[in-house]
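In: pasting a predicted model and its sequence here:
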Amino acid sequence: MLDNMAAQLQAGGTAEKEGGGGKKEDKLPKFEPWTKKIPSFQMPIDTPLQAVLVNTAETVRVRYFMDMLMSKGRPIMLVGTSGCGKTVMMNNKLDSLNSDDYVIANVPFNFYTTSEMLQTVHGYEYCLG
């Protein structure tokens, strides 16, 4: 059934869905490119250039999956080369969260991070035993 629906989605057709006591034919949504979801950009005056997120199709796509994972209570880990925008994207996401619902601790993590450093986060010591 999923193969049939996927093939029809690619063709922009319809698919039969089971429901109630019979089958009905519904128009399926069409896929749109991520480029259509890019918001307009306005440079913030008081923000340092290295902290500004200029959305692209890739950042919109990653943000979509970040939002989806967070809504399901799942962890997020961004991986990429130095300077590709991981920190800016994560800070942008964290800045959008309601401070009444979330407490945020920024823990830098790199090649030099030790287990002892991880156990002491912002002055709080955690026992990982």
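Out: Looks like it arrived, so ask away.
In: from residue 117, how far out is residue 89?
Out: Residue 89 sits at a distance of 23 Å from residue 117 (criterion: C-beta to C-beta, to the nearest Å). Every residue, glycine included, has its C-beta placed from N, CA and C.
In: compare the two (neighbour count), which wins?
Out: Set residue 89 next to residue 117 and count neighbours by other C-beta atoms under 10 Å: residue 89 wins out with 20 against 12.
In: just the element for the more buried one, please.
Out: helix 86-95 (DSSP states H and E).
In: elements contacting that helix?
Out: In terms of contacts (3 or more C-beta pairs under 8 Å, 6 or more residues apart in numbering; DSSP states H and E), helix 86-95 is packed against helix 57-71.
In: quick one: list the elements packing against the helix it packs on.
Out: Against helix 57-71 (3+ C-beta pairs under 8 Å, 6+ apart) you get helix 86-95.
In: send me the helix it packs on as CSV with only the CA atoms.
Out: Coordinates of each C-alpha in helix 86-95 appear next as CSV, following Å, rounded to 0.1, in the frame of the first residue of the first chain:
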residue,chain,number,x,y,z
LYS,A,86,25.7,24.3,13.6
THR,A,87,26.0,26.6,16.6
VAL,A,88,24.1,29.5,14.9
MET,A,89,21.3,27.1,13.9
MET,A,90,21.0,25.6,17.4
ASN,A,91,21.1,29.1,19.0
ASN,A,92,18.4,30.3,16.6
LYS,A,93,16.2,27.3,17.6
LEU,A,94,16.9,27.7,21.3
ASP,A,95,16.1,31.4,21.1
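In: buried ones in it, by neighbour count?
Out: For helix 86-95, burial by neighbour count (16 or more other C-beta atoms under 10 Å) applies to 88-90, 92-93.
In: can you name the residues that contact residue 33?
Out: residue 57 (C-beta atoms under 8 Å, 6 or more residues apart in numbering).
In: re the thing from before, I'd like the distance from the helix or strand just after the helix holding residue 89 to the chain centre, please.
Out: The element immediately downstream of helix 86-95 (helix or strand, assigned by DSSP H and E) is helix 115-119. Here helix 115-119 shows a centroid-to-chain-centroid distance of 27 Å under the convention C-alpha atoms, centre = their mean, to the nearest Å.
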